[in-house]
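S.K.: Predicted model and sequence follow; I will ask about them next.
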Amino acid sequence: MAKEAPPRWDRRMQQRLARGEAAALGELYDRFASLVHSLAHRVLDDDAAADGVTREVFGHVWENPDAYEPKEGSMRSWLARLTRRLAVQRLRQTEAAAYETSGEGTAEELDQKMRQASAAARADYIVRSMPTPLWDALELAYFQRRDYRQTAADLGVTEDEARRRLRLGLQLLATANTQAPDGPWPPGNGRSL
């Protein structure tokens, strides 16, 4: 299956960054900084560390605009993968240093913590990328404790449609734990969401 061409905005943004347009970096930051910061915070659970990763991500983009490969997916997905990689790398360094100085814990415990942080970041990305109708159905069913009939009534859709939205939303969330921690992420090119 051939990958879709990225949106024109992504290609133009990469070209502008490659030309060294500072305004392009500002535009990219305005559009994606909250996503980058929240994904980094999800992994690191530390605002200051998430700020550092956010700066690293946009610094990397500025210094390496050609690292983005449009054939691999959207710029949003690329930034999410880059954020995850840098945040997990920082977490590994921080945790390894803490384990070395304290003498507590094992390498397996550190790996488990990394897997959990990575799965949490994937889940956060999936939720943020989920189509609104699916998220609305999940929010009603799970946070407001509505059954599928009440969800259908609240959304103004048929019961079959409410069940379909709930099933698809749950299937998307389930993918957060099925990826290997260092495997491809987000799943595919990010467009399947």
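M.R.: Cool, got the structure. Residues are numbered from 1 along each chain as shown.

S.K.: what's the next secondary structure element after the longest helix seen in the chain?
M.R.: With secondary structure taken from DSSP state H, the chain has its longest helix at helix 75-102. Once the chain leaves helix 75-102, the next helix or strand it forms, by DSSP states H and E, is helix 107-129.

S.K.: pLDDT of the longest helix of the chain, averaged?
M.R.: Within the predicted structure, the mean pLDDT of helix 75-102 is 82.

S.K.: Give me the buried positions along it.
M.R.: Within helix 75-102, the residues that count as buried by 16 or more other CB atoms under 10 Å are 75-88, 90-91, 95. From N, CA and C alone the C-beta is placed, and that goes for glycine too.

S.K.: Model confidence for Lys3, exactly?
M.R.: Here, the pLDDT recorded for Lys3 equals 48.

S.K.: helices and strands around the longest helix of the chain, which ones?
M.R.: Counting contacts by 3 or more CB pairs under 8 Å, 6 or more residues apart in numbering; DSSP states H and E, helix 75-102 packs against helix 8-18, helix 22-44, helix 47-63, helix 107-129.

S.K.: roughly how far is it from the heart of the chain?
M.R.: Using CA atoms, centre = their mean, to the nearest Å, we find the averaged C-alpha position of helix 75-102 to lie 14 Å away from the chain's own average C-alpha position.

S.K.: if we can go back for a sec, now the helices and strands packed on helix 75-102 in CSV, with mean pLDDT and mean neighbour count?
M.R.: Rendered in CSV, the data for the helices and strands packed on helix 75-102 read as follows (pLDDT from 0 to 100; neighbours: other CB atoms under 10 Å):
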stretch, mean pLDDT, mean neighbour count
helix 8-18, 91, 16
helix 22-44, 92, 18
helix 47-63, 93, 17
helix 107-129, 73, 17
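
S.K.: Show me the domain layout of the protein.
M.R.: Per automatic domain parsing, the domain ranges recorded for the chain read 8-129, 131-179.

S.K.: Great, nothing more from me.
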